[in-house]
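[1] this is a predicted model, with the sequence first.
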Amino acid sequence: MHTIPTYRAKPKPKISASRRLFLKTKLLKKAMTMLESEKQAKASERERVLADRVPALQLSGLSLQELQNFCKELHKKIDKVDEERYDLAAKVTINDREIQDLSQKIFEMKGKMKRPALKRVRVSADAMLGALLGSRVKESVDFKSHLKTVKKEEEKKEEVTDWRKNVDAMSGMEGRKKLFDAGQ
């Protein structure tokens with residue numbers, strides 16, 4: 001008996017397409033109204049905080065000296081705020097660098113770093129010195145001329161002679177006696 005393969009049909013959605021579209025539009029409208037109300041709340045909060053921190057200016061009726069003093073105070077406050085802003089920006093850059101370093105370490109620890117294929121390059125000693133020392137090297141350097149000469153004490157060496165010539169002299173009991181006497 002031969003069976004025919006059966007394909008499962010997609011199950012029918014429980015909600016009709018028009019109902020789904022209606023619900024999507026309703027959700028989008030609700031999200032838009034919530035977003036607008038959130039923006040208004042943030043704006044009112046900002047205005048309230050600014051009103052608390054910065055009182056309204058009353059410049060009418062102030063003399064020239066009072067206005068100059070007021071300007072000096074404002075400049076001091078501005079300088080203080082700029083210093084704080086600079087300090088915070090410096091902290092942020094330091095933290096960003098630290099985060100970048102740590103993420104690099106994590107990446108390296110995972111071991112998924114691809115190593116590039118290195119090519120073998122032949123470089124002369126002069127070219128290598130030029131690369132290492134830059135423009136300080138103008139002429140080729142002779143390394144052997146800068147080496148110190150060391151005099152070694154000559155060790156007492158026995159003359160090495162051909163062993164084949166010595167075989168006849170060392171054979172027998174006399175040869176063994178000579179080796180024994182030489183060892184003492």
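    Ah, there it is. Numbers count the residues shown, from 1 in each chain.
[2] show me how far whatever helix or strand Thr25 lives in is from its chain's centre.
    Thr25 is part of helix 17-53 when elements are defined by DSSP states H and E. Averaging C-alpha positions (C-alpha atoms, centre = their mean, to the nearest Å) puts helix 17-53 42 Å from its chain's average.
[3] just checking, what packs against that helix?
    On a contact count with 3 or more C-beta pairs under 8 Å, 6 or more residues apart in numbering; DSSP states H and E, helix 17-53 meets no helix or strand. Backbone N, C-alpha and C define where each C-beta goes, glycine included.
[4] tell me the domain ranges of this protein?
    17-54, 66-112 (the TED database).
[5] can you redo these as a markdown table with distance to Lys10 and mean neighbour count?
    Shown next, in a markdown table, are those (distance: least, C-beta to C-beta, whole Å; neighbours: other C-beta atoms under 10 Å):
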| stretch | distance to Lys10 | mean neighbour count |
| --- | --- | --- |
| domain 17-54 | 14 | 10 |
| domain 66-112 | 39 | 10 |
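[6] nearest to Met128, out of these?
    When those are compared by C-beta to C-beta, domain 66-112 sits nearest Met128, at 29.3 Å.
[7] quick one: average confidence on that closest one?
    In this model, domain 66-112 carries a mean pLDDT of 91.
[8] now tell me which helix or strand of this protein has the poorest mean pLDDT.
    Lowest on mean pLDDT, DSSP states H and E among the helices and strands of the chain sits helix 163-170, with a mean of 61.
[9] the domains of the chain: which one's closest to Lys151?
    It's domain 66-112; of the domains of the chain, that one is closest to Lys151 (C-beta to C-beta) at 52.2 Å.
[10] tell me how far that closest one lies from the chain's centre.
    Its chain's C-alpha centre and that of domain 66-112 lie 21 Å apart, by C-alpha atoms, centre = their mean.
[11] Gly130 - how many residues pack around it?
    Using other C-beta atoms under 10 Å, Gly130 is surrounded by 16 other residues.
[12] same question, Leu129
    By other C-beta under 10 Å, neighbour count at Leu129 equals 16.
[13] per-residue pLDDT of it, please?
    The model reports Leu129 with a pLDDT of 76.
[14] Ser140 too?
    57.
[15] ditto for the one 5 residues further on
    Looking at Ser145, its pLDDT is 69.
[16] now swap in Lys178 and tell me
    According to the model, Lys178 carries a pLDDT of 66.
[17] returning to what we had before: let me have the domains of the chain in CSV, extended by distance to Ala182.
    Formatted as CSV, the domains of the chain follow (distance: least, C-beta to C-beta, whole Å):
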stretch, distance to Ala182
domain 17-54, 106
domain 66-112, 65
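[18] average pLDDT for the helix holding Thr25?
    On average, helix 17-53 scores 94.
[19] max-length helix in this structure?
    helix 64-110 (DSSP state H).
[20] how far is that one from where the chain is centred?
    With C-alpha atoms, centre = their mean as the basis, helix 64-110 stands 24 Å off its chain's centre.
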